[in-house]
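Q: This is a predicted model, with the sequence first.
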Amino acid sequence: MNDEAIKAFFDRLDGLSTGDRAALRREAGTMLKDAGGQAIRAFYQCLPYAVPQWQEEYFFAAACLRCLWDANELGQADLVQVLYQLGRDEETSTSTGHRLESLLDTKWDADGYMLTKLTRLIKLIKSKGYSVDCAELLKDLAYWNADSQWVQRRWARGMYVRQEEAKAAEEGE
């Protein structure tokens with residue numbers, strides 16, 4: 001995925017009218033094929049032309065989830081960092097762990113089941129005052145069904161291993 005195209009997509013998305021962002025927000029957890037007309041129009045208004053059709057579902061999911069937050073809201077963090085924070089919170093660690101476990105066992109399919117589970121997790125994250133970097137989330141969604149399950153392993157590791165420890169392990173220190 002082209003980082004410039006992704007950045008341009010989210011910049012256009014953040015520049016949408018309040019009504020268009022609300023239409024996308026209402027579709028969070030819904031597959032593109034099942035979305036309403038206003039959300040579809042707003043989505044394609046932002047989508048870069050170079051995005052292959054097979055990736056549109058991922059872009060749509062990330063767009064709808066991004067619209068859960070205000071366009072000018074700061075403090076976006078990689079989902080892995082947020083999972084680590086929630087894993088340390090005694091109040092949410094058990095429920096977050098169960099939600100993550102259930103999500104890790106699910107493939108991205110056209111039925112939208114995995115997206116529904118992901119949306120519930122993202123809404124929990126939002127309710128705890130965190131905002132997620134949906135550009136990173138988009139990249140993860142595109143590789144969710146990889147045979148190596150590297151995205152799922154990264155998310156699970158992120159919940160239980162401090163980022164500093166993970167980076168040191170990757171660098172071989």
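A: That came through fine.

Q: In terms of helix, strand or coil, where does residue 110 fall?
A: coil (DSSP: H, G, I helix; E, B strand; the rest coil).

Q: For it, give its distance to residue 151.
A: Noted for residue 110: a distance of 19 Å to residue 151, by CB to CB, to the nearest Å. Bear in mind the C-beta positions are built from the backbone N, C-alpha and C, glycine included.

Q: can you give me the strands for the protein?
A: 76-77, 131-132 (DSSP state E).

Q: Give me the more crowded residue out of residue 110 and residue 151.
A: residue 151 (19 against 10; other CB atoms under 10 Å).

Q: got a list of what residue 42 touches?
A: 16, 20-21, 23-24 (CB atoms under 8 Å, 6 or more residues apart in numbering).

Q: Then residue 66?
A: Applying CB under 8 Å, 6+ apart, the residues contacting residue 66 are 10, 13-14, 24, 134.

Q: Out of those residues, the closest to residue 46 would be?
A: Minimum distance to residue 46 across those is 4.8 Å, recorded for residue 13 (CB to CB).

Q: Apart from its neighbours in sequence, what residue is nearest the closest one?
A: residue 46 (4.8 Å; CB to CB, 6 or more residues apart in numbering).

Q: now the helices for this structure?
A: Here the chain has its helices, by DSSP state H, at 3-14, 18-26, 37-46, 56-66, 79-88, 93-104, 113-127, 134-142, 150-160, 163-171.

Q: Spatially central residue for the chain, please.
A: The chain has residue 137 as the residue nearest its centroid, 3.7 Å off, counting by CA atoms, centre = their mean.

Q: If I look at it, what pLDDT would I see?
A: Looking at residue 137, its pLDDT is 96.

Q: Tell me how far it lies from residue 91.
A: For residue 137, the distance to residue 91 - CB to CB - is 24 Å.

Q: what's the answer for residue 19, then?
A: 35 Å.

Q: do residue 21 as well
A: 30 Å.

Q: Which residue of those two possesses the greater neighbour count?
A: residue 21 (23 against 9).

Q: The more buried one against residue 68, yeah?
A: No: using CB atoms under 8 Å, residue 21 makes no contact with residue 68, being 9.6 Å away.
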